[in-house]
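**Q** Kindly return the folded structure for what I paste below:
(chains A, B and C)
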Amino acid sequence: MGLRIQKEARPESMLINMGPSHPAMHGTFRIMLELDGEKILNAETEIGYLHRGFEKTCENKTYFNLLPYTDRLNYVSPQINNLGYAMTMEKMLGVRVPERAQMIRVLMCELSRISDHLTCLAAMAMENGAFTVFLYMMKAREFLWNVIEFTTGSRMTTSYIRIGGVRADLYEGWRDSVKTAVCETRAVLKDVHGLLDRNPIFLNRTRGVGAISREDALSYGWTGPCLRSTGILYDVRKAHPYLLYDRLDFDIPLGDHGDNYDRYKVRMLEMEQSLRLIEQVAALIPDAALPGKADEEIEPAEAIRRGRMSKPSERIRLSPNLEGSEKVRYPKILTVDAPVFVPPKEDTYTTMEGLISHFLFFMDGYGIRPPKGDVYFSVEGGNGEVGFYIVSDGTDRPYRLHLRAPCFHIVSALEQLIRGRLLADVIPTFGSMNMIGGELDR
Amino acid sequence: MEKENLIDEIRQRFSAELESDTETFGDQVLVVRREGLRAVMAGLKGLPFDYAVLLDLTCVDFLESESRFEMVYHLYSLSRNRRLRLKVSLPGANPVVDSFAGLWKNADWLEREVFDMFGVAFAGHPDLRRILMYEGFEGHPLRKSYPWRKEQPRIPLRD
Amino acid sequence: MSGLDFLTTRLETALGWGRKYSLFHYPFITACCGMEYMSAACAHFDIDRFGAGLTRFSPRQADLLLVVGTISHKLAPVLKTVYEQMLEPKWVIAFGACTVSGGIYQNYAAVQGIDKIIPVDIYIPGCPPRPEMVLDGLLKLQEKIQKQPQDWRWKKKT
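**A** Below you'll find the model as predicted:
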């Protein structure tokens, strides 16, 4: 809550604008400051520069079509947004996701969470002058994105976690990639611990700066690592467990003072916990080899020709783009309770029923039509509780879709945290809050 | 079970202000009358219910003139680990509801967003102005009556 | 006479060579494409190999405006101001589908392509584009800079 900044400066103060386009503004965010030398007398923030009309767009798209829009919300951890949306819809539709898909979802989410924390801390360190940390963390992120790319086809905005399960199974050789990624990330984290943890410059800029009390943090609705840095234990994975989190073993690091250094420390420790989760899940996922030999596959055109007489028994060879989403894999990666996903391509190409159900899935007025009502579900994102509130009127488009953006609440406290401090304190404070424009402005 | 006790207590304490309480898809929902909202919120925030966190505050536009807007509040109690949804119906002609910026600090920005997107006014808000759209933007984008693709450029566009 | 043309052609080639291999870029980052920009600029897909590694965070010191991410109508005047603050010669790269044509956001809030606000030299499609595509776009820009008539007189580009 703030006092507006005066339009005309008083004789003893100076008005400065840290404008929407600024190297340390993590995207677009504007802070208007009234300064007395270096001391901040008053601050006012302005958001909305990346408002892209997500909620209005979702009212005009079908439930399946709006999945790519959810990727672009918290764009440093896109799979977690996908998961939040998919699980909200699954709650509404009442479908259960197979176990293997749940394990793959946990793997993808934890990889996303580590990318989120890596990006946040890399940007924060770079803005404080530690450029090496930025380069090291980006290197680790490339290894994580390698795993994501080979599984989903895209490095970042993947639309992989879909309603009912995941789009494709893991690829051959995923275990080695995951092991390399975990190894490299651990090495980078060790280096960064050595570079920043007891670095007097970093400590001076972050210890005791931007501290928030527990009551204020709760009153502002903070969640996620920022809340846990004040010492309050609230993690959606433990409070309302979803997927397999109640069966996996991980700790929740907490801080003490709620200052920038604690937020940095909590994120570093959380990355280690996420690496533990990845190792546990990778050990749980069984190898799933495709039944049958590779040279028994036939082309789709051949299958159509043979299908005129009788159903072909050999497997159909699909394009390499569809690797992982063959029909034999479907029962393991997608739900069997309701047809809330695209039918397998083998059926679509070769049978009439498959073709019809493919078209019916995409036609206006058909497709996924949940029952009337409203539902709220949340998952633990990189910044905190990412919640989706969906109001359905029984048609194939949502009547209203609202995102509970965690960094909206966190950033609303920025004015209070920087008032009375020095100009240079704005940078680490804002950096440790991990403001993501796509989530803040929606 | 503790959950039923909690709901019973809420039902008893606020029986005058509640219109109904239901459970949809596993979520507990209370529908409150507009006049009694302030009392219910203040009562829920304090002990013994202790809904200390306002998770979310949003609005839905139903396009009827009688009760067009429906405000939706999500509360969370950290000590009891319980969520709650409250709904209030507002008329379409002059939608005004009490502001809760005094009770929860994030209500400040959340209410500004609802005002910006829907045009709902909040009585007692310290500084009600647009937050996501810019000055000079006419209309409230998330209302069903606002066309989805109508752009209002701020500067003259080329081509 | 022909001797003079030969000299100006050589000078233009030299200026083009100098300008294309020393691009100082201003990353006007807004959204998701910023992540791929960070990947392209960091050690794995180094943008510094092409001479464009130095990021100048002031439009007065930059000659390449990299518009990365969706531009909303609220941000459009800011983009125009930043573009006008840059000195000649300057080039603009539209990075990502949202800057090329509005991307997946065809609604009241997003500008449908930044060429509705400022003139654009190179368009890099993708949502987000892979770092290799970014480097390809940069190489195309370098070719364009080499081939264009170099303004070495004090003349404003219309």
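**Q** For the rest of this, base every contact and every neighbour count on C-alpha atoms.
**A** OK.
**Q** Provide a list of residues in contact with residue 96.
**A** Defaulting to chain A. A:Glu90, A:Gly164, A:Thr335, A:Val336, A:Asp337 (Cα atoms under 8 Å, 6 or more residues apart in numbering or on different chains).
**Q** ah, I was thinking of chain C
**A** If you count contacts by Cα under 8 Å, 6+ apart, C:Gly96 has them with C:Cys33, C:Val68, C:Gly69, C:Gly103, C:Tyr123, C:Ile124, C:Pro125, C:Gly126, C:Cys127, C:Pro128, C:Pro129.
**Q** just A:Leu284 next, same as before
**A** When contacts are counted by Cα under 8 Å, 6+ apart, A:Leu284 is found next to A:Met103.
**Q** Report the separation between it and A:Arg421.
**A** 49 Å (Cα to Cα, to the nearest Å).
**Q** Then B:Glu9?
**A** Taking Cα to Cα as the measure, B:Glu9 and A:Arg421 are separated by 45 Å.
**Q** Which one of the two is surrounded by more residues?
**A** For the pair B:Glu9 and A:Arg421, the greater number of neighbours falls to A:Arg421 (17 against 14), based on other Cα atoms under 10 Å in any protein chain shown.
**Q** Just the pLDDT at the more buried one, thanks.
**A** According to the predicted model, the pLDDT of A:Arg421 comes to 91.
**Q** Excluding chain neighbours, what is closest to residue 99?
**A** I went with chain A, as the question did not name one. Once its chain neighbours are removed from consideration, A:Glu99 has its nearest residue in A:Lys332; the separation is 7.4 Å (Cα to Cα, 6 or more residues apart in numbering or on different chains).
**Q** looking at chain C here, not the other one
**A** Leaving aside its chain neighbours, C:Thr99 sits nearest to C:Gly113 (4.7 Å; criterion: Cα to Cα, 6+ apart).
**Q** what's that neighbour in contact with, if anything?
**A** With contact taken as Cα under 8 Å, 6+ apart, C:Gly113 is in contact with C:Cys98, C:Thr99, C:Val100, C:Ser101, C:Gly102, C:Gly103.
**Q** List the contacts of C:Gln112.
**A** The contact partners of C:Gln112, taken as Cα under 8 Å, 6+ apart, are C:Cys98, C:Thr99, C:Val100, C:Ser101, C:Gly102, C:Gly103, C:Gln106.
**Q** The same query, at a cut-off of 7 Å, please.
**A** If you count contacts by Cα atoms under 7 Å, 6 or more residues apart in numbering or on different chains, C:Gln112 has them with C:Ser101, C:Gly102, C:Gln106.
**Q** What is the neighbour count of the residue of the stretch 201-350 of chain A found nearest chain B?
**A** Taking Cα to the nearest Cα as the measure, the point where the stretch 201-350 of chain A comes nearest chain B is A:Tyr220, at 4.5 Å. For A:Tyr220, the count of nearby residues is 25 (other Cα under 10 Å).
**Q** Which pair of the contacts of A:Arg96 spans the longest distance?
**A** The most widely separated members of the contacts of A:Arg96 are A:Glu90 and A:Val336, with 12.3 Å between them, by Cα to Cα.
**Q** So between the two, which is more surrounded?
**A** Under the neighbour definition other Cα under 10 Å, A:Glu90 and A:Val336 were set side by side, and A:Glu90 has more, 21 against 16.
**Q** Helix or strand: which one has that one?
**A** helix A:78-93 (DSSP states H and E).
**Q** helices or strands up against that helix?
**A** Packing contacts for helix A:78-93, counted by 3 or more Cα pairs under 7 Å, 6 or more residues apart in numbering or on different chains; DSSP states H and E, involve helix A:67-71, helix A:99-127, strand A:161-162, strand A:373-380, strand A:385-392.
**Q** which of these sits most buried?
**A** Each of the helices and strands packed on helix A:78-93 was given a mean neighbour count from mean count of other Cα atoms under 10 Å in any protein chain shown, and the largest, a mean of 26, is that of strand A:161-162.
**Q** Partner strands of that one and their direction?
**A** Next to strand A:161-162 in the sheet, as set by DSSP bridges, lie strand A:165-166 (antiparallel).
**Q** I'd like the next helix or strand past the strand it pairs with.
**A** helix A:174-196.
**Q** got the angle between that next one and helix A:99-127?
**A** Using axes from the mean of the first three to the mean of the last three Cα atoms, to 10 degrees, the interaxial angle of helix A:174-196 with respect to helix A:99-127 works out to 30 degrees.
**Q** ok, how many other residues are close to the residue nearest to B:Phe137 when sequence neighbours are not counted?
**A** In space, and not counting its chain neighbours, B:Phe137 is closest to B:Gln152: 6.8 Å by Cα to Cα, 6+ apart. The tally of other residues near B:Gln152 (other Cα under 10 Å) stands at 16.
**Q** Likewise for C:Ala52?
**A** Here the number of neighbours of C:Ala52 (other Cα under 10 Å) works out to 18.
**Q** The one 10 residues further on now?
**A** If you count neighbours by other Cα under 10 Å, C:Ala62 ends up with 23.
**Q** Can you verify my assumption that it contacts C:Phe28?
**A** No: taking contacts as Cα atoms under 7 Å, C:Ala62 lies outside contact range of C:Phe28: 11.4 Å.
**Q** in the helix or strand where C:Val78 lies, what's buried?
**A** Using DSSP H and E, C:Val78 sits in helix C:76-85. By neighbour count, and taking 16 or more other Cα atoms under 10 Å in any protein chain shown as the criterion, the buried residues in helix C:76-85 are C:Ala76, C:Pro77, C:Val78, C:Leu79, C:Val82, C:Tyr83.
**Q** Quick check: nearest residue in space to the fifth one, chain neighbours excluded?
**A** Nearest residue to C:Val82 in three dimensions, chain neighbours excluded: C:Pro59, at 6.2 Å (Cα to Cα, 6+ apart).
**Q** What of the second one?
**A** By the measure of Cα to Cα, 6+ apart, the closest residue to C:Pro77 outside its immediate chain neighbours is B:Ile155, 6.3 Å from it.
**Q** quick one: B:Leu57 is in a strand?
**A** Yes: with DSSP: H, G, I helix; E, B strand; the rest coil as the criterion, B:Leu57 is located in a strand.
**Q** Identify the residues contacting it.
**A** Counting by Cα under 7 Å, 6+ apart, B:Leu57 makes contact with B:Val72, B:Tyr73, B:His74, B:Leu110.
**Q** Would you state the strands of chain C in chain order?
**A** With DSSP state E as the criterion, chain C has strands at C:25-29, C:64-68, C:91-95, C:122-124.
**Q** Please name the strands paired to the last one in the sheet, noting orientation.
**A** It stands for strand C:122-124. Looking at strand C:122-124 with DSSP bridges, its paired strands and their directions are strand C:91-95 (parallel).
**Q** ok, residues contacting the partner strand?
**A** Contact with strand C:91-95 is made by C:63-69, C:100, C:120-125, as judged by Cα under 7 Å, 6+ apart.
**Q** pLDDT on the helix or strand that A:Met32 is a member of, on average?
**A** Secondary-structure element containing A:Met32, defined by DSSP H and E: strand A:30-36. Averaged over strand A:30-36, pLDDT sits at 89.
**Q** Minimum distance to chain B, which residue of the stretch 1-150 of chain A gives it?
**A** Of all residues in the stretch 1-150 of chain A, A:Gly48 sits closest to chain B, at 3.9 Å by Cα to the nearest Cα.
**Q** Can you report how many residues neighbour that residue?
**A** Per other Cα under 10 Å, the neighbour tally for A:Gly48 reads 24.
**Q** related to what we said a few turns ago, checking my notes, the residue nearest to A:Glu99 in a helix, right?
**A** Yes: when three-state DSSP is applied, A:Lys332 is found to be in a helix.
**Q** Which pLDDT value belongs to it?
**A** Per-residue confidence for A:Lys332 comes out at a pLDDT of 84.
**Q** my guess is it meets A:Arg100, correct?
**A** Yes: counting by Cα under 7 Å, A:Arg100 is a contact partner of A:Lys332 at 5.9 Å.
**Q** shared neighbours of the two, which are they?
**A** When contacts are counted by Cα under 7 Å, 6+ apart, the set common to A:Lys332 and A:Arg100 is empty.
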